[in-house]
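Novice: test case, fold it:
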Amino acid sequence: MPVSSFNFYRAYSVARKEVMHVLRDPFTLVLALGLPVMLVTFFGYAIDYEVKNITLAVSDRDGGPAARRLKELFSSSGYFRLVETGPGGPVGMLDSGRAAAALFIKPDFSKTIQGGGAVETQFVLDGSDNAKAGAVIGYLPGIQRAGQARLAGREIREPFSFETRFLYNPELNSRWFTVPGLAAVIIGLLAILLTALTVAREWENGSMELLLSTPVRPLEIMAGKLAPYGVLVLAGVFFVYLVSRLVFGVPFAGSHFLYLAACLLYVTASLSQGLFISVVTRQQQVAMQLGIISGLLPSLLLSGFIFPVESMPPFFRYFTMLLPPRWFMAAARGITLKGADLGELAVPFLALGLLSAGMLLLALKKFKTDLE
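Specialist: Residues are numbered from 1 along each chain as shown. Coordinates of the predicted model:
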């Protein structure tokens with residue numbers, strides 16, 4: 001029986017069948033509603049870019065009052081944990097991993113400072129972890145300025161100084177930065193897996209062939225398949241939003257309507273990607289593997305969540321333009337922390353719209369080709 005146009009009732013029938021299937025499958029509901037909340041809560045606490053409790057081995061060959069005040073500066077900063085020098089000295093502790101840094105205080109340190117002279121102190125850092133080393137180096141200027149005033153007994157006036165202010169995140173709270181990014185990673189992966197697994201299961205069970213024997217068009221099948229899972233993923237977005245606000249205290253400076261629009265575009269692209277994977281593979285196990293690889297790795301490594309896109313080689317900077325997580329990450333952080341409006345986020349929204357439409361058309365074309 002030929003079908004001339006898109007029929008909303010037929011699409012609704014497919015969607016209703018999918019809703020009944022979801023209600024009979026508790027695993028899908030737990031995956032859609034519970035997993036995002038659990039992962040955001042777990043990794044929100046686990047991932048912290050602020051380096052603390054740095055084990056600092058001290059070699060104090062002076063023992064005077066100025067040396068004690070210097071050690072107190074490191075200890076009271078909240079970043080360093082001073083330990084006594086063990087066998088092999090500070091270098092031996094660095095070699096064995098018992099310390100991440102070492103402080104060497106020369107003899108006559110206190111006497112030289114009391115006499116108004118200049119003295120050098122050596123700070124040795126384990127450079128095997130460059131991310132950690134870079135964070136530790138950033139702490140030293142503040143300790144040095146405090147030491148100049150406290151050890152010399154007077155304020156040291158420099159020719160000029162910078163007054164630094166941090167906009168959008170005054171406390172440099174790393175969770176304000178990581179939790180919106182985690183939400184983007186988890187929501188995208190969840191949307192891909194939901195459609196990839198459920199549609200692939202229908203191919204394996206043979207129920208898809210029964211559906212295809214009806215006069216329902218491929219576009220109506222796609223719409224009916226994607227709509228229920230889109231609603232489920234958006235419900236997961238809402239719970240993740242509650243966790244980020246109530247548990248982690250992440251501020252929300254922008255428009256909720258604009259954030260919802262960005263989520264709709266991103267979820268549409270991810271659901272379409274999952275549908276495309278399911279049509280290509282028709283097997284749940286293979287669909288899960290491809291879904292995790294194509295959904296998790298790009299969103300973690302190439303979206304700007306861990307590594308800034310601007311710091312990537314030119315090829316990868318251009319390649320990330322084809323990935324929806326890169327643009328949703330920019331939109332989510334811009335709306336959440338900066339309160340950016342649509343004019344400021346025109347490029348991310350345009351890219352998300354084009355990628356969502358392209359992924360939807362690609363899935364539809366493959367679906368049609370597969371049916372023929």
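
Novice: the helices in the stretch 251-372 of the chain, which residues?
Specialist: Under the criterion DSSP state H, counting those that start in this stretch, helices of the stretch 251-372 of the chain are mapped to 256-281, 284-301, 314-319, 324-333, 346-371.

Novice: average pLDDT across the shortest one?
Specialist: The predicted model assigns helix 314-319 a mean pLDDT of 92.

Novice: for stretch 326-333, same thing?
Specialist: 92.

Novice: can I get the CA coordinates of that stretch in PDB?
Specialist: Extracted as PDB, the C-alpha positions of stretch 326-333 are listed here (Å, rounded to 0.1, in the frame of the first residue of the first chain):
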ATOM      1  CA  ARG A 326      32.800  20.000  20.800                       C
ATOM      2  CA  TRP A 327      30.000  22.500  20.000                       C
ATOM      3  CA  PHE A 328      27.700  21.400  22.800                       C
ATOM      4  CA  MET A 329      30.500  21.600  25.300                       C
ATOM      5  CA  ALA A 330      31.100  25.200  24.200                       C
ATOM      6  CA  ALA A 331      27.400  26.100  24.300                       C
ATOM      7  CA  ALA A 332      26.800  24.400  27.700                       C
ATOM      8  CA  ARG A 333      29.800  26.100  29.400                       C
END
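
Novice: starting at the chain centroid, how far to it?
Specialist: Between the centre of stretch 326-333 and the centre of its chain there are 10 Å (C-alpha atoms, centre = their mean, to the nearest Å).

Novice: now do stretch 92-100
Specialist: 31 Å.

Novice: need the distance between the two termini of that stretch.
Specialist: 11 Å (C-alpha to C-alpha, to the nearest Å).

Novice: hang on, the earlier thing: just name the most buried of the helices of the stretch 251-372 of the chain.
Specialist: Among those, ranked by average contacts under mean count of other C-beta atoms under 10 Å, first place goes to helix 324-333 (a mean of 26). Backbone N, C-alpha and C define where each C-beta goes, glycine included.

Novice: relative to helix 284-301, how tilted is it?
Specialist: Angle, helix 324-333 to helix 284-301, by axes from the mean of the first three to the mean of the last three C-alpha atoms, to 10 degrees: 50 degrees.

Novice: what does helix 324-333 contact?
Specialist: 177, 180-181, 183-185, 188, 259, 262-263, 265-266, 269-270, 298-299, 302-305, 309, 320, 345, 347-349, 351-352, 355-356, 359 (C-beta atoms under 8 Å, 6 or more residues apart in numbering).

Novice: try it again with 6 Å
Specialist: 180-181, 184, 188, 262, 266, 269, 299, 303-304, 320, 345, 348, 351-352, 355 (C-beta atoms under 6 Å, 6 or more residues apart in numbering).

Novice: quick one: it to helix 346-371, angle?
Specialist: Interaxial angle of helix 324-333 relative to helix 346-371 (the same axes, to 10 degrees): 140 degrees.

Novice: between the contacts of helix 324-333, which sits nearest Arg16?
Specialist: Set against Arg16, the nearest of the contacts of helix 324-333 by C-beta to C-beta is Ala269 (24.6 Å).

Novice: check contacts around that closest one.
Specialist: Pro324, Leu355, Ser356, Met359.

Novice: and the pLDDT for it?
Specialist: pLDDT, Ala269: 91.

Novice: and the helix or strand hosting Tyr139, what does it pack against?
Specialist: Element membership for Tyr139, per DSSP states H and E: helix 130-152. In terms of contacts (3 or more C-beta pairs under 6 Å, 6 or more residues apart in numbering; DSSP states H and E), helix 130-152 is packed against helix 65-76.
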